[in-house]
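**Student:** Sequence first, predicted coordinates after that:
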Amino acid sequence: MKQWNVGIIGATGMVGQRFATLLENHPWFRVTALAASGRSAGKTYEEAAGSRWMMERPMPESMKDLVLYDATKDIETIASQVDFVFCAVNMKKDEIRALEEAYAKAECPVVSNNSAHRHTPDVPMVVPEINADHIDIIPAQRKRLGTEKGFIAVKSNCSLQSYVPALSPLREFGLTKVLACTYQAISGAGKNFETWPEMVDNLIPYIGGEEEKSEKEPLKLWGHIEGDRIVDTTTPSITTQCLRVPVTDGHTAAVFMSFEEGKKPSIETIKEIWANYAGEAQRLELPSAPKQFLHYFEEPDRPQIKTERNLENGMAVSIGRLREDTQYDYKFVCMSHNTLRGAAGGAVLLAELLAAKGYMG
Ligand SMILES: NC(=O)c1ccc[n+]([C@@H]2O[C@H](COP(=O)([O-])OP(=O)(O)OC[C@H]3O[C@@H](n4cnc5c(N)ncnc54)[C@H](OP(=O)(O)O)[C@@H]3O)[C@@H](O)[C@H]2O)c1
């Protein structure tokens, strides 16, 4: 298999560190450039991020001595050294939008964790098991940007990566209404208990902007390409509440769903569909793809964070407690690892899809 040189923009941050550890021994991708803010530029990775390293695995030896670039000033230099970049930066939305377009226009494809471009109509937002076909919009985006190789592709928000995979294969039964309450880990805010001690023995019933993303982004994931844009679907109607809970990693969701009159599948059918659900990531046997995307647990007290979050290297989705409801047709609980499937791991999988389909040169 061909090898690709890659850069990590925002390498010192929580998601950037996760990219570094995931890419350390990647069979296709080799990290050759790291970048962060001007505060870190010019320092080695170890100098800039060693003291704030938050991963269980140590900083990769092969990256410790790489000297960080300035993510905004050194775009041309970085673009000349890599085939594409992963991007996860903490900046204002309009700045991120401009930054990612600047990389794309420098003919450097961008696979982004940031939310800035998620609703740009010709930017594909992809979960490879759900809507791999949306990458077919890239030629239209390249035309708009005036690029031959450069483009932007994004992954969706971490909050919905547990319930959207479970709902996706049920849409054929006319899903009409969804209610989801999410219980989200503190790493989703780039924090751990040392940096956010207020979260010990606490719950915060508000995560800025999260409910809007959780309700809107699924509609783009389930949308379709029409000409030079991706058009959102209009059903099901989705309502959410997103809570921050004292968990290090792993977002859980309690989900309620209803179907069109007369189309409601049986519990057995739903479980069978979940067990057999595979997407393009599995068909192409992408290196980071879970062998089985959705795992259903019959035990009434599963899935649990501690036992299930690392299932299939944190890339699988765990589901349990499917049962009838008095207000909706059914309810269930699901969980996924927010910084693996929900952030860096999901982006690496998307990059693998793009590489396998010939978009990374
Ligand atoms: N944490 C998650 O689970 C998660 C999940 C999905 C999406 N995301 C998204 O991923 C992005 C990064 O999140 P994070 O949790 O990794 O944030 P973070 O830990 O705060 O890291 C932010 C990164 O951005 C860099 N940065 C800050 N200001 C910059 C500037 N002006 N120019 C260039 N680089 C700059 C930082 O560099 P310095 O170290 O030099 O300051 C650092 O590398 C955000 O958009 C977030 O919404 C996060």
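**Tutor:** Good, I have the coordinates.
**Student:** For this structure, just list every one of the strands.
**Tutor:** When secondary structure is read from DSSP state E, the chain shows strands at 4-9, 29-36, 69-70, 84-87, 110-112, 152-154, 175-184, 224-226, 229-231, 237-244, 251-259, 294-297, 317-324, 330-336.
**Student:** out of the ones you listed, nearest to the ligand?
**Tutor:** Among these, the nearest to the ligand by CB to the nearest ligand atom is strand 29-36 (3.4 Å). All C-beta atoms are positioned from the backbone trio N, CA, C, and that covers glycine.
**Student:** what separates the closest one from the chain centre, distance-wise?
**Tutor:** Taking CA atoms, centre = their mean, to the nearest Å, the mean C-alpha location of strand 29-36 is offset from the chain mean by 19 Å.
**Student:** thought residue 17 was touching residue 23?
**Tutor:** No: with the criterion set as CB atoms under 8 Å, residue 17 and residue 23 do not qualify as a contacting pair; they are 10.9 Å apart.
**Student:** quick one, what contacts the single nearest residue of the stretch 101-250 of the chain relative to the ligand?
**Tutor:** Using CB to the nearest ligand atom, the closest approach of the stretch 101-250 of the chain to the ligand is made by residue 190 at 2.9 Å. The contact partners of residue 190, taken as CB atoms under 8 Å, 6 or more residues apart in numbering, are 13, 14, 15, 90.
**Student:** Quick one: list the elements packing against the helix or strand of the chain with the lowest mean pLDDT.
**Tutor:** Taking mean pLDDT, DSSP states H and E as the measure, the chain has helix 14-23 as its least confident helix or strand, at a mean of 95. Contacts of helix 14-23 with other secondary structure elements, assessed using 3 or more CB pairs under 8 Å, 6 or more residues apart in numbering; DSSP states H and E, are made with strand 4-9, strand 29-36, helix 45-49, helix 345-356.
**Student:** out of those, nearest to residue 120?
**Tutor:** The minimum distance between residue 120 and the helices and strands packed on helix 14-23 falls on helix 345-356, with 15.7 Å, by CB to CB.
**Student:** Look at stretch 256-276 and report the distance between its end residues.
**Tutor:** Distances were taken as CA to CA, to the nearest Å; on that basis the terminal residues of stretch 256-276 are 22 Å apart.
**Student:** Distance from the chain centre to that stretch, please.
**Tutor:** Averaging C-alpha positions (CA atoms, centre = their mean) puts stretch 256-276 26 Å from its chain's average.
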